[in-house]
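> Have a look; sequence and predicted model below, questions after that.
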Amino acid sequence: MTAAASVKEVMATFIARDIADGEEVFVGTNLPVIRAAALLAHLHHGPNMRVMLAHTRTNLYHTPVIEHFQLLADWRGARWAEGYFNDNEIVLYQKSRRDSVFFVGALQIDAFGNSNLIGLGTDPRRLTLRGPGAIATTTNASHVRRFYLYVNEHSPRVFVDSCDFISTVGWAGGGADARRALGLPGGGPRYCITPLAVLDFEERSKRMRLRSVHPGVPVDEVRARTGFELIVPATVPETPSPTDEELSILRRRVDPQGLLRE
Amino acid sequence: MTAAASVKEVMATFIARDIADGEEVFVGTNLPVIRAAALLAHLHHGPNMRVMLAHTRTNLYHTPVIEHFQLLADWRGARWAEGYFNDNEIVLYQKSRRDSVFFVGALQIDAFGNSNLIGLGTDPRRLTLRGPGAIATTTNASHVRRFYLYVNEHSPRVFVDSCDFISTVGWAGGGADARRALGLPGGGPRYCITPLAVLDFEERSKRMRLRSVHPGVPVDEVRARTGFELIVPATVPETPSPTDEELSILRRRVDPQGLLRE
Amino acid sequence: MGDHPADVLSGAAPAERRSVVLDERALDSWLRDGMSIALGGLATACHAMVAVRHIARRRLKDLTVIGSAVGGLDVDLLIAAGCVRKVICPYVGAEALASIGPFYRAAAERGEIEVWECDEGQYYTGLQAAAQMLPFLPCRGGVGTSFPAINPDLKPFTDPLRGETLLAVPAIEPDVALLHAAHADAYGNVQFVGTGYADRLLWRAATRTVVQVERLVSNEEIRRFPERTALLATAVLRAPYGAHPFSSPGFYLEDRAHIAELVDAGRAFARRRDRGPIEAYLARYVDAAPAHVDYLEAVGLRRLLALDEYTG
Amino acid sequence: MGDHPADVLSGAAPAERRSVVLDERALDSWLRDGMSIALGGLATACHAMVAVRHIARRRLKDLTVIGSAVGGLDVDLLIAAGCVRKVICPYVGAEALASIGPFYRAAAERGEIEVWECDEGQYYTGLQAAAQMLPFLPCRGGVGTSFPAINPDLKPFTDPLRGETLLAVPAIEPDVALLHAAHADAYGNVQFVGTGYADRLLWRAATRTVVQVERLVSNEEIRRFPERTALLATAVLRAPYGAHPFSSPGFYLEDRAHIAELVDAGRAFARRRDRGPIEAYLARYVDAAPAHVDYLEAVGLRRLLALDEYTG
């Protein structure tokens, strides 16, 4: 009955299913997949989630259609507010929001999920490419129970042997104890979601491992477009597609404009 | 025309004249002299003072009569609010309120204006007298441009050679450099006001010095009721009495109940 | 991955948004011996007295009580009931009504409770550290004083950048914060009349927060003034007159006669070690009043209605 | 005692409460070369653009610009005008409208500006230190990363209590904070529509704070909702549409066409080192518009009225 799910709809669904009721999500602006994932989780199985939107906290479980706002500070997104928060409070007061579901973008990611938003080059005073900067990723990823790496491009220039700079720690030099050794209370990266696949971290070494490929993506392509040695199990499942119910929530309530189908 | 000023009215007037327009004052509750001093300064020459009352900030320059509230948290005192503040902000954010006019009470005060609100005794686990505690005096007195010591009793048990414990630093071991040596940015105690006299601190040694005696108080009495060697100049003036204008503001607008005349 | 809520939840999603409104009797599940408990309000206002009396009624033991920065007689009552091992509070008393809490003073002087000596700056610094998930935060207030000698948890250190001497204050981490506020909706959106003192910080620092409110309101009423929402409670308890004998901004003044009863009982104990008056007080207002409404009846409706801010 | 205001004031008390409302032309007295200037708002909203354009018009030099945590193109404009020596900001850009500020990127890559590399946690920690008058505050975010190597001001140290490794962040101390808000009275009581982002903290950290407002209101209107008063400004500037081309919550949306002009000028410079477009932009919107109203006329009334939040 519904048209086949797009790759972005598959990605959003995978993430949404991993978000539990009661957790805190930020309805982002710049990344439609992450915005859709947060709202799908909320509307599908998360009536008690804390939904952060335009520096307000709300609950949209009964909101028929959630308009998409392209900019973080678009005040129209505050119409549903149950409370306001100040930007500095949300970044500094980590204890009251350890269950925040956090996403980290990157220019570069290494085999242990360490990532770089600072820039490319060797001399930080003369970067060959000045990156956007770390925003809140460094501090949030140090404290939240888990976070997700998310990139729009799956290529050897993103997935590198070693980042030029590290702005967010994943599993540092590797090993399940790596973060504890650094004194980071956060749970670390759980998955890395790309346009080709879902990657996770092998339990002991915490090296990146291919968990599933999106529909139609060959395993070899993922391996070829990853710049480091990726752990590839004997059998790699396909990233599951949304159910009709999930797809209908996505297309009717979350993304009627079809940003995920472009 | 007006009846002679009471000692408490003289004390309040002395303090009020030392408070400049534009400064921040807390309208306290428990100490009528300090409350009256703050309001007299505001109504007499401080139209731009920040008046802190019941955890709100306001301006009462045109308020005909300012009702006295006996308790810090009496919400009726908030009726004039221009803004609210949280207790933790007022204590931690010292930079935006260095011009706050602050008063420190004490169980004991030594010759250099160090003071004690913790208690009396030798073993802190078994105080012979458990004091009320330091409230915010320690931190505020470390930062504000100046503060005042204020006591309701002038006796050798208050003015001691050495405090059993020090909860607020005055001039530490003495000397104009004592506070800088400790790294305390605040300007230190400026005056000590008692029911008998006003004391200040000799410029070089920062030892306590008799500055003026209240009307009718003999210099010898002050010396006798001070438990340490007080610097007494050859001539000691009398603490000036309020003008008719000041007295009329006190009695009509600040203290119609006559708490200062009891 | 057991830390991940998705693994914990059965996967069966609740159909609707859950109410966090608590039945008084369910308070037991939030409180136990040895806990570290933060009490909101300030001085003679807005203490969570339904919860405090519940603790006293249960005679919980060995509590670390983190009173408000200007701690009230809520702390004194818990000491009177024998619930307290340690007090973290820059002051305990009721200003003009009791310059210092009589039970607090007596217990401290007799070494029956441990006092974590601090001023408000050190106190808030420790709570701030907990809220920020930091092991400590630095504080200048206390340098040059007796605090580090009296309270070895306040450790002088040299700041790594400019070499100044500061005090390191360890995180003060309440297991639960017990607050009283004007109103909340069923989902834990709490709004104050007034400033809320430092209750927001207690919430940020505490693992869980239970808030008593004068009124339960609709979610729509909360959304009407979202800028007034101060915090998100883990649980909400409807408690009209729930701060009595203390004041509740916008609702009622403190009950001075009742507070005097408590203070007099304290003085009898402090001066003559006579526990008669406090035992009578506890029997009447705590033990014989299992529910909040029983307590209010014991106080009496006429008394309660006489506490109005403007006709009182 | 020269530090004591009573000695400074002539003793002659002003007869009335002073207005802190500023004439645009008086902005000069608040700003000078080499200053450390904090800019409020966030991303594409609520930047103090009247003040920012004033700085650009004067071509002030060697400024340290402390942008908002998600810094906008207000920072980029100052870099374009050659006013900036150093940027303290976790991000500079306009999200979907410009993933990174083009002048910021070009100047940083060419080493023409110094970037104080930080994330939001380190940034807010430094401002918090200034507000608390502390030489530093600790931060966990950055441990295990390249930040300390790139920015030696972020110094790893061992916490004196538990021995954890943390970063010491020095106080970030703005000489002046330039903010934009909804309204204020003549005495500097500032209220926002919306959250105010982190403007309260910039105010607490800064030595002085100048606030542009959409509306000047009566003191009585401020007292009607005192809980909404966010900060007390040192000076207030009436500036309707004063955040343009950025949005002002409750008043207008960002002007995307105008922002595109600026971004395109930036890209011409970044890609071809062609300063033509930005010089044309500065000539038209900055130099030829000495007063805010001149700027608004250059933008055009039709354009301004088309930025409405709900009919737009």
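That came through fine. Residues are numbered from 1 along each chain as shown, chains lettered A, B, ... in the order given.
> all helices for the chain, in order.
Since you didn't name a chain, this refers to chain A. Using DSSP state H, the helices found in chain A span residues A:7-18, A:32-45, A:87-92, A:137-143, A:178-182, A:219-224, A:244-249.
> wrong chain, I was asking about chain C
For chain C, the helices identified by DSSP H occupy C:5-8, C:49-58, C:73-80, C:102-109, C:120-131, C:147-150, C:199-205, C:219-224, C:256-272, C:276-282, C:292-299, C:301-305, in order along the chain.
> Mind checking these for the one nearest to D:Val75?
Closest of the helices of chain C to D:Val75 is helix C:120-131, at 29.3 Å (criterion: C-beta to C-beta). Quick note: C-beta positions are derived from backbone N, CA and C, even for glycine.
> by how many degrees do that closest one and helix D:120-131 diverge?
With axes from the mean of the first three to the mean of the last three C-alpha atoms, to 10 degrees defining the directions, helix C:120-131 sits at 180 degrees from helix D:120-131.
> and helix C:120-131, does that touch chain D?
No: Helix C:120-131 does not reach chain D (C-beta under 8 Å from any C-beta of the partner chain); its nearest approach is 8.7 Å.
> so which of the helices of chain A gets nearest D:Ala288?
Comparing the helices of chain A against D:Ala288 with C-beta to C-beta, the closest turns out to be helix A:87-92 (34.9 Å).
> what about the closest one and chain B, touching?
No: under the criterion of C-beta under 8 Å from any C-beta, chain B is not reached by helix A:87-92; the shortest gap measures 11.9 Å.
> same for that helix, what does it pack against?
When contacts are defined as 3 or more C-beta pairs under 8 Å, 6 or more residues apart in numbering or on different chains; DSSP states H and E, helix A:87-92 packs onto helix D:120-131.
> in the stretch 101-250 of chain A, what residue is nearest chain D?
Closest approach between the stretch 101-250 of chain A and chain D, counting by C-beta to the nearest C-beta: A:Thr139, at 2.6 Å.
> Neighbours of that residue, how many?
29 (other C-beta atoms under 10 Å in any protein chain shown).
> Same question for A:Pro237.
Other residues within reach of A:Pro237, judged by other C-beta under 10 Å, total 11.
> now swap in A:Val232 and tell me
The tally of other residues near A:Val232 (other C-beta under 10 Å) stands at 14.
> Close to chain C: what parts of chain A are there?
Near chain C, when you scan chain A using C-beta under 8 Å from any C-beta, you find A:17-23, A:44-48, A:50, A:56-57, A:59, A:61, A:78, A:80-84, A:92-96, A:98-99, A:143, A:145-146, A:185, A:187, A:190.
> coming back round to it: tell me the contacts of the residue of the stretch 101-250 of chain A closest to chain D?
Going by C-beta atoms under 8 Å, 6 or more residues apart in numbering or on different chains, A:Thr139 touches A:91, A:94, D:119-122, D:139-142.
> at 7 Å what do you get?
For A:Thr139, the contact set (C-beta atoms under 7 Å, 6 or more residues apart in numbering or on different chains) comprises A:91, D:119-121, D:141.
> Of the residues you listed, which is the nearest to A:Val213?
D:Asp119 (32.7 Å).
> what residues does the stretch 101-250 of chain C put near chain B?
C:105, C:108-109, C:111, C:117, C:119-121, C:124, C:128, C:140-147, C:150, C:164-165, C:194-198, C:200-201, C:247, C:249-250 (C-beta under 7 Å from any C-beta of the partner chain).
> filter those residues to the buried ones?
The neighbour-count test (16 or more other C-beta atoms under 10 Å in any protein chain shown) marks C:105, C:108-109, C:117, C:119-121, C:124, C:128, C:140-147, C:150, C:164, C:194-198, C:200-201, C:247, C:249 as buried among those.
> my guess is A:Ile109 meets A:Tyr150, correct?
No: taking contacts as C-beta atoms under 7 Å, A:Ile109 lies outside contact range of A:Tyr150: 10.1 Å.
> Compare these two (neighbour count), which wins?
Residue environment comparison for A:Ile109 versus A:Tyr150 gives the larger neighbour count to A:Ile109, 28 against 20, counting by other C-beta under 10 Å.
> Spit out the contact partners of the more buried one.
By C-beta under 7 Å, 6+ apart, the contact list for A:Ile109 reads A:115, A:149, A:151, A:158-159, A:192.
> 6 Å instead?
A:115, A:149, A:159 (C-beta atoms under 6 Å, 6 or more residues apart in numbering or on different chains).
> how much space between the nearest residue to it once chain neighbours are set aside and A:Thr138?
Of all residues beyond its chain neighbours, the one nearest A:Ile109 is A:Ser115 (4.8 Å), with distances taken as C-beta to C-beta, 6 or more residues apart in numbering or on different chains. When C-beta to C-beta, to the nearest Å is the yardstick, A:Ser115 and A:Thr138 sit 10 Å from each other.
> Now for these two: what residues contact both?
A:Thr168.
> Which positions in the stretch 151-262 of chain A make contact with chain D?
Taking C-beta under 6 Å from any C-beta of the partner chain as the criterion, the stretch 151-262 of chain A approaches chain D at residues A:165-167, A:169, A:172, A:182-183.
> Could you list the low-confidence segments of the stretch 101-250 of chain C?
Scanning the stretch 101-250 of chain C for pLDDT under 70 picks out no residues.
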